[in-house]
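**Student:** here is my input; please provide its structure:
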Amino acid sequence: MWFDAYVTNVDRTPRNTNMLLWHRELWLIDHGAALFFHHRGGPYAHRARNPFPQITEHVLLPFATTMAQADATAQERLTPAVIRDVVDLIPDAWLGDEGFTGPQEHREAYAAYLLARLEASNVFVEEIQSVRAQSV
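**Tutor:** Presented below is the predicted three-dimensional model:
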């Protein structure tokens with residue numbers, strides 16, 4: 001749940017879980033509905049600090065008992081260098097102009113967004129905990 005809230009993935013509901021169980025391991029698949037901030041146009045940077053209200057429909061909500069631990073682990077592992085390395089893997093062909101001077105500026109925007117979202121993770125962690133407390 002932490003990761004889905006971080007990347008704002010709206011596709012983990014009972015209608016469309018996008019999860020597979022394979023060899024007794026859970027695999028989260030099809031992240032095409034994630035990072036939807038870039039589909040909405042306009043200034044997006046401030047959205048990095050927004051909560052994620054769609055989390056109320058997440059199928060794993062009843063099992064989200066260790067969000068503080070998940071947040072601490074993610075904070076430790078998702079360093080700025082890791083995020084930049086991952087963003088650097090995005091092929092140029094996937095990065096349209098969309099108001100950027102080129103693919104590298106577009107990558108920098110993604111990295112900045114993801115770093116800001118990580119910095120503000122307490123916003124969505126608290127939301128997950130609050131929603132779970134109300135529904136379980």
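**Student:** my guess is L26 contacts N18. True?
**Tutor:** No: contact between L26 and N18 fails when scored by C-beta atoms under 8 Å: they sit 11.3 Å apart. For glycine as for every other residue, the C-beta is placed from the backbone atoms N, C-alpha and C.
**Student:** neighbour count winner among those two?
**Tutor:** Between L26 and N18, counted using other C-beta atoms under 10 Å, N18 has the larger neighbour count: 18 against 9.
**Student:** now the more buried one. Nearest residue, chain neighbours left out?
**Tutor:** D30 (4.3 Å; C-beta to C-beta, 6 or more residues apart in numbering).
**Student:** how about the one you found, secondary structure?
**Tutor:** coil (DSSP: H, G, I helix; E, B strand; the rest coil).
**Student:** just the pLDDT for it.
**Tutor:** Here, the pLDDT recorded for D30 equals 87.
**Student:** can you check G41 too?
**Tutor:** Note on G41: pLDDT of 57.
**Student:** all strands for the chain, in order.
**Tutor:** Applying DSSP state E to the chain gives strands spanning 19-22, 25-28.
**Student:** what does the last one rub up against?
**Tutor:** Right, the one you point to is strand 25-28. Residues from elsewhere that reach strand 25-28 (C-beta atoms under 8 Å, 6 or more residues apart in numbering): F3, D4, R12, N18, M19, L20, L21.
**Student:** got it, and stretch 108-127?
**Tutor:** Applying C-beta under 8 Å, 6+ apart, the contact partners of stretch 108-127 are 2, 5-6, 35, 37, 44-45, 47-53, 55, 67-68, 70-71, 74-75, 78, 80, 83-84, 87, 90, 100.
**Student:** and that stretch, average pLDDT?
**Tutor:** 95.
**Student:** count of neighbours near the residue nearest to N18?
**Tutor:** D30 is flanked by 14 other residues according to other C-beta under 10 Å.
**Student:** hmm, it is touching D11, no?
**Tutor:** Yes: assessed by C-beta under 8 Å, D30 is found in contact with D11 at 6.5 Å.
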